[in-house]
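Participant: got a predicted model here, sequence first, then my questions.
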Amino acid sequence: MLRYASAARADPAVAWSLIARPSRWPAWAPHLRGAWGLAGTDGWVREGARGAARLLGAVPVPARIVRVVDGTSWTWRVGGVEMDHRVEPAAPGEGGCVVAVTMSAPAPVELALRATYGPVVSLLVDHLARAAERESP
């Protein structure tokens, strides 16, 4: 399992809005231009939904939302990889939150992800934390 996390001096609800609403993904992941079929009519990712993320504005990447814990985490399966997107409250007295993405796949795939996509995910999680800070009161 690979985990990438970043602390944010941000309201956890703001971070959740950025991470769990496909229409908000471009605010922190410029290579994602939203998605179709992954959100409910309210705009939030929906457990059991099947659809695709729009990569670089054109390339559809098929995905299925396998779990959603409102306000806390959601997980999707893309190919043989499960990616958990999480917002955790910061330690008591610190304020803010921690945003994290965890990737799980068979060992050889995880090794490849660590070397290739892992550094990108690390950067994206930092972008998410900074975007949440900019939008928090």
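Facilitator: Now that the structure is in, tell me what you want to look at. Residues are numbered from 1 along each chain as shown.
Participant: what helices or strands is the longest strand along the chain leaning on?
Facilitator: With DSSP state E setting the assignment, residue counts place strand 59-69 as the longest strand in the chain. Helices and strands touching strand 59-69, as assessed by 3 or more CB pairs under 8 Å, 6 or more residues apart in numbering; DSSP states H and E, comprise strand 50-55, strand 73-78. Bear in mind the C-beta positions are built from the backbone N, C-alpha and C, glycine included.
Participant: looking at the chain, which residue ends up farthest from its center?
Facilitator: Seen from the C-alpha centroid of the chain, the residue lying at the greatest distance (CA atoms, centre = their mean) is residue 93, 25.5 Å away.
Participant: now do the longest strand of the chain against strand 50-55, angle only.
Facilitator: Computed by axes from the mean of the first three to the mean of the last three CA atoms, to 10 degrees, the angle separating strand 59-69 from strand 50-55 equals 120 degrees.
Participant: paired strands for strand 59-69, with orientation please.
Facilitator: strand 50-55 (antiparallel), strand 73-78 (antiparallel) (DSSP bridges).
Participant: for the ones you listed, which one sits closest to residue 134?
Facilitator: strand 73-78 (22.1 Å; CB to CB).
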